[in-house]
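>>> what's the 3D shape of this:
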Amino acid sequence: MIFIIFILYEQDNGSFDGIQRVLFGNGFDHWLHKLLFIDSLHYLSDGKLSLPIKRYFQIDIDDIFVGERGTRMKKADVDELVEFQTRLQLFIPGFRFNVGFSGKYFHRGFDSENQGDDQMIRMARNFRWFCHTYSHSQAHITMNQTAIEIEMITNQEFASKNNLPVDSDYIVSPHHSGVYPVHEPLYDAWKDVWNVRVTSTEEYPHLRPVYLRRGFIHKGIMVLPRQTCGLYTHTIFIDRYPGGRDKLEKSIFGGDLFFSFIFNQVNVFMTHQSNYANDRLALYVFESVLKFLQCWTNLELHSLSPIQMAKKYFQIYPEERDPIWTVNYCLIINMID
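Next comes the predicted model:
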């Protein structure tokens, strides 16, 4: 890829009036102008208006064992996933994918895809596993807490039978159902069955660009903001990507995905198992954006477990602990008046 970049900026060292400035021309449409602007704020404020260079991130793979025939991971896909993870660990120590499973759909694919399921089981110790409900059910539709608990217990039994190293601290609801808006029986079931301490969602609030999404804590469960990376269950072939390949690469090379790393100190990225099969778009997306970050920034990338990520997030953003619907802003305004 060849970039032709036109940059127009000028530094005023303040020799006339004692005020240092950095003057920009040509707008901020280009991603590099935005990076220069961020660096200018750091320079002119003597570091007071700047972000640390450490970035903490995790990649979740939802829907393990879930998917229509012909879209699921095969043995070679699983092997390539492990190999890719090994390459990332060379410059991100301790990095591991978090994989969310629904046991009901184990061995529901073609023979070659069932072999992929078997390989995931054999390679289980390479990943962090989290519960994604047994039948991929949506909590806000399953209103009864007992029904939700049965789903979770059945998935727990599947994990035990197949020796999956499940991280009971972390869980993700299929379709983020019941996380926000809050479905109370879901949170109660999480505490009773798994003693869950962390989850994530892209729905609080559902803002664009995605790096504006925030977190909250409810019933002692820390809810992290989840970032999308342009990949969903149906985006499995590069030549069929909605909007074309150019749209995906615009996000990678200086677009939404790139700036999720720039602006957010903590990132949880959502992907799906089908994104690692077929054209393996997820591997291409993350290898590309991480190389691009290494080329154009000095960010330090770090990997933590979900519980460590959550603690780090609310250490950095303590003001987000209370969900917005629990704060009586009218009362606060009256007190100020």
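
>>> going by C-alpha atoms from here, please, whenever you check contacts or count neighbours.
Noted.

>>> list the beta-bridge partners for the closest residue to Ile64 other than its chain neighbours.
Taking Cα to Cα, 6 or more residues apart in numbering, and ignoring the residues beside it in sequence, Ile64 has Phe101 as its nearest neighbour in space, at 4.5 Å. Counting by DSSP bridges, Phe101 is bridged to Ile64, Cys131.

>>> can you map out the helices along the stretch 51-200 of the chain?
Under the criterion DSSP state H, counting those that start in this stretch, helices of the stretch 51-200 of the chain are mapped to 75-89, 111-122, 145-161, 184-193.

>>> which residues are contacting the shortest one?
Right, the one you point to is helix 184-193. Residues from elsewhere that reach helix 184-193, judged by Cα atoms under 8 Å, 6 or more residues apart in numbering: 139, 143-146, 148-149, 152-153, 178-179, 196-197, 219, 221.

>>> the first one too?
The set of residues that contact helix 75-89 without belonging to it, under Cα under 8 Å, 6+ apart, is 95-97, 112-113, 115-120, 126, 276-277, 280, 283.

>>> go with 7 Å
Around helix 75-89, the neighbours that count as contacts under Cα atoms under 7 Å, 6 or more residues apart in numbering are Phe95, Arg96, Gln115, Gly116, Gln119, Met120, Tyr276, Ala277.

>>> over to the longest one?
Helix 145-161 is contacted from outside by Ser102, Gly103, Cys131, Thr133, Tyr134, Ala139, Thr142, Pro185, Leu186, Ala189, Val193, using Cα under 7 Å, 6+ apart.

>>> out of those residues, who's nearest Phe258?
Taking Cα to Cα as the measure, Phe258 sits nearest to Cys131 out of the contacts of helix 145-161, at 28.8 Å.

>>> and the helix or strand hosting Leu224, how far out from the chain middle?
Using DSSP states H and E, Leu224 maps to strand 221-228. Computed by Cα atoms, centre = their mean, to the nearest Å, the chain-centroid distance of strand 221-228 equals 8 Å.

>>> dump it to PDB, restricted to CA.
What follows is strand 221-228 as a C-alpha-only set of coordinates in PDB (Å, rounded to 0.1, in the frame of the first residue of the first chain):
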ATOM      1  CA  ILE A 221     -20.100  -7.300  38.000                       C
ATOM      2  CA  MET A 222     -17.700  -5.100  36.000                       C
ATOM      3  CA  VAL A 223     -19.000  -4.400  32.500                       C
ATOM      4  CA  LEU A 224     -16.300  -3.500  30.000                       C
ATOM      5  CA  PRO A 225     -17.000  -1.600  26.800                       C
ATOM      6  CA  ARG A 226     -16.600  -4.000  23.800                       C
ATOM      7  CA  GLN A 227     -15.200  -2.700  20.500                       C
ATOM      8  CA  THR A 228     -16.100  -4.000  17.100                       C
END
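
>>> average pLDDT for the host helix or strand of Lys34?
Per DSSP H and E, Lys34 falls inside helix 31-44. Regarding helix 31-44, the rounded mean pLDDT is 89.

>>> so how far is that helix off the chain centroid?
Distance, centroid of helix 31-44 to centroid of chain: 25 Å (Cα atoms, centre = their mean).

>>> please apply the same query to stretch 241-251.
So, by Cα atoms, centre = their mean, the centroid of stretch 241-251 is 19 Å from its chain's centroid.

>>> which residues in the stretch 151-300 of the chain form strands?
166-171, 198-201, 216-218, 221-228, 266-272, 300-302 (DSSP state E, counting those that start in this stretch).

>>> check contacts around the residue nearest to Phe237 when sequence neighbours are not counted.
Closest residue to Phe237 apart from its sequence neighbours, by Cα to Cα, 6+ apart: Asp279 at 5.4 Å. Counting by Cα under 7 Å, 6+ apart, Asp279 touches Ile236, Phe237, Ile238.

>>> double-check that Phe24 belongs to a strand.
Yes - counting by DSSP: H, G, I helix; E, B strand; the rest coil, Phe24 is part of a strand.

>>> how close does the nearest residue to Ser137 once chain neighbours are set aside get to Trp31?
Spatial nearest neighbour of Ser137, excluding adjacent residues (Cα to Cα, 6+ apart): Pro174 at 6.6 Å. In this view, Pro174 and Trp31 are 34 Å apart by Cα to Cα, to the nearest Å.
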